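Colleague: Predicted structure and sequence below. I'll ask about it afterward.
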Amino acid sequence: MGSWQRLLLFGGVSLRGAGGACAPLGGRRALVCRRQLSGSENETLKQRRTQVMSRGLPKQKPIEGVKQVIVVASGKGGVGKSTTAVNLALALAANDSSKAIGLLDVDVYGPSIPKMMNLKGSPELSQSNLMRPLLNYGVACMSMGFLVEETAPVVWRGLMVMSAIEKLLRQVL
Ligand SMILES: Nc1ncnc2c1ncn2[C@@H]1O[C@H](COP(=O)(O)OP(=O)(O)OP(=O)(O)O)[C@@H](O)[C@H]1O
Ligand SMILES: [Mg+2]
């Protein structure tokens, strides 16, 4: 990523498609919690818990050329994530022209940043095979909406989503 990208805003991250990221707090879950565990089940659960906790958090990988990151996310759809992200990006760009602002739309299910930023088209590739973000209102934007036709049906599965986000995050100039 080039040095222009000092601050990167992640826009509109909805966790609804993240498969289990927002586990339902329905009656079924409560029922499981209420059931008395047998001694051996309890022991297995304890061991499993210790094993998971010892793994720790995933390693943080810095994003080259990016100094600060603001993530706009929620576990619910339609609450104003994209609107907030766009407003934040535009306000930051207007507030200090010396700062380079990037807006990354990681909503692969329904990217709305292209429409909100009035951008259309596909990113060009640099000589080093990195995608050049599209620019409007002084904010460089990258979104799955630039890479997939609006009408094209795409069935996203876990690993595909991760690899798409990795591309949007790290294979951009
Ligand atoms: N602060 C606000 N007050 C009232 N309406 C708002 C506000 N922010 C956003 N909206 C409206 O709410 C709707 C959803 O906003 P937006 O698309 O930003 O949500 P989202 O969380 O990104 O949705 P999705 O999960 O579908 O990506 C839009 O019609 C938007 O104009
Ligand atoms: Mg959105």
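Modeller: Thanks, I have the structure now. Numbering: from 1, shown residues only. Ligands and ions are numbered 1, 2, ... in the order given.

Colleague: which other helices and strands contact the lengthiest helix in the chain?
Modeller: Longest helix in the chain, counting residues (DSSP state H): helix 39-55. Helices and strands touching helix 39-55, by 3 or more C-beta pairs under 8 Å, 6 or more residues apart in numbering; DSSP states H and E: there are none. Every residue, glycine included, has its C-beta placed from N, CA and C.

Colleague: got the contact list for that helix?
Modeller: Identification of contacts with helix 39-55 by C-beta atoms under 8 Å, 6 or more residues apart in numbering yields L37.

Colleague: Show me which residues of the protein sit near ligand 1.
Modeller: The chain comes close to ligand 1 at residues G12, S14, G77, G78, V79, G80, K81, S82, T83, D107, G110, S112, as judged by C-beta under 6 Å from any ligand atom.

Colleague: Tabulate those residues (JSON lines), appending pLDDT.
Modeller: Formatted as JSON lines, the residues of the chain next to ligand 1 follow (pLDDT from 0 to 100):
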{"residue": "G12", "pLDDT": "59"}
{"residue": "S14", "pLDDT": "57"}
{"residue": "G77", "pLDDT": "91"}
{"residue": "G78", "pLDDT": "93"}
{"residue": "V79", "pLDDT": "96"}
{"residue": "G80", "pLDDT": "95"}
{"residue": "K81", "pLDDT": "95"}
{"residue": "S82", "pLDDT": "95"}
{"residue": "T83", "pLDDT": "96"}
{"residue": "D107", "pLDDT": "90"}
{"residue": "G110", "pLDDT": "87"}
{"residue": "S112", "pLDDT": "94"}
